[in-house]
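Visitor: show me how the following folds:
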Amino acid sequence: MTLKPEQGTQTAPPPSPEHLMERVTAIVMDILELDQDFRLLPDQRLDELGLDSLMSIELAEVMGEKLGIVLSPTFAMDRPTVRLMVELFSTEPNPPKA
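Guide: Sure, this is the predicted structure:
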């Protein structure tokens with residue numbers, strides 16, 4: 001994961017883990033086309049919900065665009081739950097914009 005350089009902007013405080021969890025969950029639910037009433041648990045494996053290799057590439061691209069970062073195409077396969085994704089973002093020295 002690498003951060004996209006920003007020109008002429010001040011560094012904002014990092015988003016809270018709770019806010020990141022909400023954003024990541026919303027992005028995942030959109031890619032998986034889950035109903036808004038569906039309760040996606042943080043430790044639920046995304047492949048068990050139908051995430052395949054093509055969807056994982058799309059997820060990395062969309063999440064990267066929405067969070068202002070560059071993610072590996074294998075990001076979702078390497079981090080198969082929302083919690084693991086958020087934990088990675090929370091430990092980065094320059095976390096994503098939320």
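Visitor: show me where the chain has strands.
Guide: In the chain, the strands defined using DSSP state E lie at 2-3, 69-70.
Visitor: other SSEs contacting the last one?
Guide: In terms of contacts (3 or more C-beta pairs under 8 Å, 6 or more residues apart in numbering; DSSP states H and E), strand 69-70 is packed against strand 2-3. Just so you know, the C-beta spots here come from the backbone N, C-alpha and C atoms, and that holds for glycine as well.
Visitor: at 10 Å what do you get?
Guide: Based on contacts counted as 3 or more C-beta pairs under 10 Å, 6 or more residues apart in numbering; DSSP states H and E, the elements that strand 69-70 packs against are strand 2-3, helix 53-67.
Visitor: that one pairs with which strands, parallel or anti?
Guide: Strands flanking strand 69-70 in the sheet, each with its direction: strand 2-3 (antiparallel) (DSSP bridges).
Visitor: go through the strands of the chain and find the least confident stretch.
Guide: Least confident of the strands of the chain, judged by mean pLDDT, is strand 2-3 with a mean of 46.
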